[in-house]
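**Q** Got a predicted model here, sequence first, then my questions.
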Amino acid sequence: MLTKKLLIAMMLVLLLAAGGVQAGGDAARGAELASDCAACHGDDGKGDQDMPALAGMDAAVHAKKLADYKSGAAEGEMADYVGDLSEQDMNDLAAYYATLPGN
Ligand code: HEC
(Lines give C-alpha, C1' and ligand atoms only; values in the text may rest on other atoms or scores of the structure.)
Protein backbone atom coordinates (compact mmCIF):
# COMPACT_ATOMS: atom_id res chain seq x y z
CA MET A 1 0.00 0.00 0.00
CA LEU A 2 2.79 2.37 0.92
CA THR A 3 4.72 1.44 -2.22
CA LYS A 4 1.74 2.29 -4.38
CA LYS A 5 1.39 5.71 -2.79
CA LEU A 6 5.08 6.30 -3.30
CA LEU A 7 4.81 5.36 -6.97
CA ILE A 8 1.91 7.75 -7.49
CA ALA A 9 3.83 10.54 -5.77
CA MET A 10 6.87 9.90 -7.95
CA MET A 11 4.75 9.95 -11.10
CA LEU A 12 3.25 13.28 -10.09
CA VAL A 13 6.70 14.76 -9.56
CA LEU A 14 7.82 13.55 -12.99
CA LEU A 15 4.71 14.97 -14.64
CA LEU A 16 5.25 18.35 -12.99
CA ALA A 17 8.90 18.37 -14.03
CA ALA A 18 7.98 17.64 -17.66
CA GLY A 19 5.38 20.42 -17.63
CA GLY A 20 7.94 22.86 -16.24
CA VAL A 21 10.35 22.20 -19.08
CA GLN A 22 7.65 22.87 -21.66
CA ALA A 23 6.59 26.12 -20.05
CA GLY A 24 10.16 27.41 -20.40
CA GLY A 25 10.51 27.48 -24.14
CA ASP A 26 10.09 25.54 -27.36
CA ALA A 27 13.56 24.64 -28.66
CA ALA A 28 12.24 23.59 -32.08
CA ARG A 29 10.64 26.99 -32.61
CA GLY A 30 13.76 28.64 -31.25
CA ALA A 31 15.83 26.84 -33.88
CA GLU A 32 13.79 28.54 -36.61
CA LEU A 33 14.12 31.98 -35.02
CA ALA A 34 17.86 31.44 -34.58
CA SER A 35 18.48 31.85 -38.32
CA ASP A 36 18.40 35.59 -37.54
CA CYS A 37 21.21 35.21 -34.99
CA ALA A 38 23.51 32.87 -36.91
CA ALA A 39 25.04 35.61 -39.09
CA CYS A 40 26.77 37.02 -36.02
CA HIS A 41 26.84 34.26 -33.43
CA GLY A 42 27.54 31.43 -35.89
CA ASP A 43 25.49 28.47 -37.14
CA ASP A 44 26.61 26.43 -34.14
CA GLY A 45 26.14 29.36 -31.73
CA LYS A 46 29.79 29.24 -30.72
CA GLY A 47 30.58 32.80 -31.74
CA ASP A 48 34.18 33.85 -32.48
CA GLN A 49 36.78 36.23 -31.09
CA ASP A 50 34.39 39.20 -31.45
CA MET A 51 31.10 37.43 -30.80
CA PRO A 52 30.01 35.87 -27.52
CA ALA A 53 29.07 32.18 -27.68
CA LEU A 54 25.43 31.34 -27.06
CA ALA A 55 25.68 27.55 -27.32
CA GLY A 56 25.22 25.77 -24.03
CA MET A 57 24.18 28.92 -22.16
CA ASP A 58 21.68 28.27 -19.39
CA ALA A 59 18.23 29.05 -20.80
CA ALA A 60 17.15 31.22 -17.87
CA VAL A 61 20.38 33.25 -18.08
CA HIS A 62 20.03 33.66 -21.83
CA ALA A 63 16.35 34.74 -21.69
CA LYS A 64 17.23 37.29 -18.97
CA LYS A 65 20.04 38.77 -21.10
CA LEU A 66 17.72 39.17 -24.08
CA ALA A 67 15.05 40.76 -21.89
CA ASP A 68 17.67 43.16 -20.47
CA TYR A 69 18.69 44.26 -23.97
CA LYS A 70 15.05 44.81 -24.83
CA SER A 71 14.27 46.80 -21.69
CA GLY A 72 17.46 48.84 -22.04
CA ALA A 73 18.95 47.44 -18.82
CA ALA A 74 21.82 46.10 -20.98
CA GLU A 75 23.38 48.12 -23.78
CA GLY A 76 25.31 47.19 -26.89
CA GLU A 77 24.99 46.33 -30.55
CA MET A 78 22.73 43.44 -29.49
CA ALA A 79 20.04 45.88 -28.36
CA ASP A 80 19.25 46.54 -32.06
CA TYR A 81 18.28 42.88 -32.59
CA VAL A 82 15.81 42.20 -29.80
CA GLY A 83 13.17 44.83 -30.58
CA ASP A 84 10.96 42.40 -32.54
CA LEU A 85 11.28 39.53 -30.09
CA SER A 86 8.31 38.64 -27.89
CA GLU A 87 8.82 37.08 -24.47
CA GLN A 88 7.92 33.72 -26.02
CA ASP A 89 10.50 34.24 -28.80
CA MET A 90 13.19 34.92 -26.20
CA ASN A 91 12.28 31.83 -24.18
CA ASP A 92 12.24 29.68 -27.33
CA LEU A 93 15.61 31.01 -28.51
CA ALA A 94 17.10 30.47 -25.06
CA ALA A 95 15.72 26.90 -24.96
CA TYR A 96 17.25 26.17 -28.37
CA TYR A 97 20.73 27.51 -27.61
CA ALA A 98 20.75 25.61 -24.31
CA THR A 99 20.50 22.37 -26.32
CA LEU A 100 23.64 23.13 -28.38
CA PRO A 101 26.98 21.85 -27.11
CA GLY A 102 29.08 24.70 -25.68
CA ASN A 103 32.81 25.30 -26.10
C1 HEC B 1 24.55 41.97 -36.07
C2 HEC B 1 25.15 40.99 -35.19
C3 HEC B 1 24.26 40.28 -34.16
C4 HEC B 1 23.07 39.63 -34.35
C5 HEC B 1 22.25 39.50 -35.64
C6 HEC B 1 22.71 39.05 -33.08
N7 HEC B 1 23.66 39.36 -32.14
FE8 HEC B 1 23.67 38.77 -30.17
N9 HEC B 1 25.34 39.90 -29.83
C10 HEC B 1 26.05 40.60 -30.79
C11 HEC B 1 27.16 41.29 -30.16
C12 HEC B 1 28.19 42.16 -30.87
C13 HEC B 1 27.10 40.98 -28.78
C14 HEC B 1 28.06 41.47 -27.67
C15 HEC B 1 27.41 42.52 -26.83
C16 HEC B 1 27.06 43.76 -27.60
O17 HEC B 1 27.94 44.39 -28.20
O18 HEC B 1 25.87 44.09 -27.65
C19 HEC B 1 25.95 40.12 -28.61
C20 HEC B 1 25.54 39.58 -27.40
C21 HEC B 1 24.51 38.67 -27.23
C22 HEC B 1 24.15 38.06 -25.98
C23 HEC B 1 24.84 38.27 -24.64
C24 HEC B 1 25.96 37.26 -24.53
C25 HEC B 1 26.65 37.29 -23.19
O26 HEC B 1 27.39 36.33 -22.92
O27 HEC B 1 26.44 38.23 -22.42
C28 HEC B 1 23.11 37.23 -26.22
C29 HEC B 1 22.37 36.36 -25.22
C30 HEC B 1 22.80 37.33 -27.63
N31 HEC B 1 23.68 38.21 -28.23
C32 HEC B 1 21.78 36.63 -28.27
C33 HEC B 1 21.41 36.83 -29.60
C34 HEC B 1 20.24 36.21 -30.21
C35 HEC B 1 19.33 35.21 -29.52
C36 HEC B 1 20.17 36.69 -31.49
C37 HEC B 1 19.09 36.43 -32.52
C38 HEC B 1 17.76 36.87 -32.16
C39 HEC B 1 21.30 37.60 -31.68
N40 HEC B 1 22.02 37.65 -30.52
C41 HEC B 1 21.56 38.28 -32.86
C42 HEC B 1 25.75 40.63 -32.14
C43 HEC B 1 24.62 40.12 -32.75
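**A** In hand now; what should we look at?
**Q** Please state the backbone phi and psi of the residue of the chain found nearest the ligand?
**A** Nearest residue of the chain to the ligand: Gly76, at 2.2 Å (C-beta to the nearest ligand atom). Yep, even glycine has a C-beta here, placed from its N, CA and C like the rest. Dihedral angles phi and psi of Gly76 (degrees, to the nearest 10) take the values phi 150, psi 180.
**Q** can you start the count at 32 instead of 1 from here on
**A** Sounds good: first residue 32 from here, last item Gly107.
**Q** Where does the prediction get shaky in this structure?
**A** 32-33, 37-54 (pLDDT under 70).
**Q** still on that earlier bit, pretty sure the residue of the chain closest to the ligand is in contact with Tyr100, am I right?
**A** Yes. Contact between Gly107 and Tyr100 holds when scored by C-beta atoms under 8 Å: they sit 7.1 Å apart.
**Q** Neighbour count: those two, which is higher?
**A** A count of neighbours by other C-beta atoms under 10 Å puts Tyr100 above the other of Gly107 and Tyr100, at 21 against 9.
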